[in-house]
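Student: Any chance you could fold what I've pasted below:
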Amino acid sequence: MNQVESLSHESLIRRASSLVADSANTYLSQTTLALVDSLTQYSKVGDRLDECKRFEGTG
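Tutor: Okay, the predicted model is just below:
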């Protein structure tokens, strides 16, 4: 009986560790995607600002 409890406990620890690793991986993936999206939007705004400055310079 003691061995069964030990295996059960070990199994639970492994599952919990796996869930934590999966959650961390998901968090890092979502954070990376958000960062890439932010940089893309920032770049678009910078391009638009350059266009506006060029337009003001021609008028």
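Student: Which parts of this protein are helices?
Tutor: 2-58 (DSSP state H).
Student: Might you list the low-confidence residue ranges for it?
Tutor: Residues of the chain meeting the criterion pLDDT under 70: 1-6, 59.
Student: burial count for residue 38?
Tutor: 10 (other CB atoms under 10 Å). For every residue, glycine as well, the C-beta is placed using N, CA and C.
Student: Sorry, wrong one. I was asking about residue 17.
Tutor: 10.
Student: ok, it - contacts?
Tutor: By CB atoms under 8 Å, 6 or more residues apart in numbering, residue 17 lies in contact with nothing.
Student: How much space separates it from residue 23?
Tutor: 11 Å (CB to CB, to the nearest Å).
Student: Also residue 45?
Tutor: 33 Å.
Student: now do residue 42
Tutor: Taking CB to CB, one finds residue 42 at 28 Å from residue 23.
Student: Same question for residue 8.
Tutor: Taking CB to CB, one finds residue 8 at 23 Å from residue 23.
Student: Equivalent analysis for residue 52, please.
Tutor: To residue 23, residue 52 is 43 Å away according to CB to CB.
Student: And residue 48, by the same measure?
Tutor: For residue 48, the distance to residue 23 - CB to CB - is 37 Å.
Student: just residue 30 next, same as before
Tutor: When residue 30 is compared with residue 23 (using CB to CB), they lie 11 Å apart.
Student: go on, residue 49?
Tutor: The value you get for residue 49 to residue 23, if CB to CB is used, is 39 Å.
Student: neighbours of residue 30, just the number please.
Tutor: For residue 30, the neighbour count with other CB under 10 Å is 10.
Student: any idea how far it lies from residue 36?
Tutor: Computed as CB to CB, the residue 30 to residue 36 distance reads 11 Å.
Student: cool, and residue 54?
Tutor: For residue 54, the distance to residue 36 - CB to CB - is 27 Å.
Student: And residue 56, by the same measure?
Tutor: 31 Å.
Student: Next: residue 55.
Tutor: Using CB to CB, residue 55 is found at 29 Å from residue 36.
Student: Please apply the same query to residue 51.
Tutor: Following CB to CB, the distance that separates residue 51 from residue 36 is 23 Å.
Student: This completes my enquiry, with thanks.
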